[in-house]
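Novice: The following block contains a protein sequence and its predicted model.
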Amino acid sequence: MKKLNEEAVIQALSRVIEPDLKKDLITLKMVRDVKITSATGVYFEICLTTPACPLKEEMKASCEKELLTDFPELTNIDIHFSAEVITRKSDPLIPGVRNIIAVSSGKGGVGKSTVAANLALALASKGAKTGLLDADIYGPSVPILMGVQGQKPEMVDIEGKNKILPLQKYGLSIMSIGLLIDERQAIVWRGPMVSSALRQFFSDVNWGELDYLVVDLPPGTGDIHLTFAQLVPIAATIVVTTPQKVATADARKGAAMFQIPQINVPLTGVVENMAWFTPKEHPDEKYFLFGQGGGADLAKQLNIDLLSQIPLDQSFSEGGASGLVVIDHPESNTAMAFQDLAAEIARRLAVQSHLTQR
């Protein structure tokens, strides 16, 4: 029987492979603060690459298995999880933001802002420091979605410079042009003014330290998209569509913009919103109100993955609900789909960040 000590525990844990990164936890320097707590007890910390890691339980079970193989006398294996999100590509314009996630669509009316808001909420619910930026200058909807319309952000002096403080709600840092102007006022700006406003959302807003900044882009293509792609490094881009052919056709055209050589922004995958309807009384039934298969076809045409199919759930579509299902109806099928989407995005960004830093 092996003697229980810190070195032997580390040796046992060196056989545990991180499922995504395909290396052992010791090589990845994910195991920290190993302590022998008693003759039959051990404590250590696993530092994850994201708080939204969907593989915590799998890694925990693997660690326990390897430790019990070498030390069958153990009765108390205390594993603590922490997280340090890797910065894929830092930028002086937003130095504290580690990963920017763009949410786009080819046309309006597909629920792009709802997807962006719920994705941000799902990431925050997993412990990630998350921001939500409404970059839809002409049609901002995040203030209404988040229930912050009419509120005004404060200004603070930071090292002699005036900075805007994002609003805080549901654990998110929130910013939108809709918070800075009268909500009844139509925005009639030329391209340079729009580009300037977008730049200010990065340079003049005190975002602080964020693991993820989810950016809700306007539908279609235009100056905002070009400016955004040129201003900051984008870690992931999600294309939102509904199943109808007209929606997927527009989404394909919009996504093509990100793939032109002058922009070359990574397309991470497609999210098919309103994929089917599920009645509250029959949660296992699916009614394809807007057709079927459009998201999968679009993903195939763009040579990217279909990340998620978000269903319509009667439990949140009635009664004037806000659309923030992750908050209002966390146990619904729709909320679970957003939680799975957040975990998948976080997992992919962790793998990408690891590969770029090798």
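Specialist: Arrived safely.
Novice: For the stretch 1-150 of the chain, just list every one of the helices.
Specialist: Assigned by DSSP state H, counting those that start in this stretch, the stretch 1-150 of the chain shows helices spanning 6-13, 56-70, 112-125, 142-146.
Novice: same check, this time on the stretch 151-300 of the chain
Specialist: Going by DSSP H, counting those that start in this stretch, the stretch 151-300 of the chain shows helices at 191-203, 223-231, 245-258, 294-302.
Novice: that older thread, mean neighbour count and distance to residue 79 for the helices of the stretch 1-150 of the chain - can I get that in TSV?
Specialist: Placement of C-beta: from N, CA and C, glycine included. Putting the helices of the stretch 1-150 of the chain into TSV (neighbours: other CB atoms under 10 Å; distance: least, CB to CB, whole Å) gives the following:
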stretch	mean neighbour count	distance to residue 79
helix 6-13	17	10
helix 56-70	15	5
helix 112-125	27	21
helix 142-146	22	35
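Novice: Could you identify which of those has the lowest mean pLDDT?
Specialist: Ranked by mean pLDDT, those end with helix 142-146 at the bottom, a mean of 89.
Novice: Show me what that helix is packed up against.
Specialist: With contacts defined as 3 or more CB pairs under 8 Å, 6 or more residues apart in numbering; DSSP states H and E, helix 142-146 has these neighbours: helix 112-125, strand 130-134, strand 172-176.
Novice: CA-only coordinates of that helix, as PDB, when you get a sec.
Specialist: What follows is helix 142-146, C-alpha atoms only, in PDB (Å, rounded to 0.1, in the frame of the first residue of the first chain):
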ATOM      1  CA  VAL A 142     -31.600  45.200 -24.000                       C
ATOM      2  CA  PRO A 143     -32.900  48.000 -21.600                       C
ATOM      3  CA  ILE A 144     -36.500  46.700 -22.000                       C
ATOM      4  CA  LEU A 145     -35.400  43.000 -21.900                       C
ATOM      5  CA  MET A 146     -33.400  43.500 -18.700                       C
END
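Novice: Relative to the whole chain's centre, how far out is it?
Specialist: 18 Å (CA atoms, centre = their mean, to the nearest Å).
Novice: residues making contact with it?
Specialist: 113-114, 116-117, 132, 134, 136, 149-151, 169-170, 172, 174, 176, 178-179, 183, 216, 322-324 (CB atoms under 8 Å, 6 or more residues apart in numbering).
Novice: Just the buried residues out of the residues you listed, in ChimeraX syntax.
Specialist: Of these, the buried ones can be selected in ChimeraX as follows, counting by 16 or more other CB atoms under 10 Å:
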select :113,114,116,117,132,134,136,170,172,174,176,178,179,216,323,324
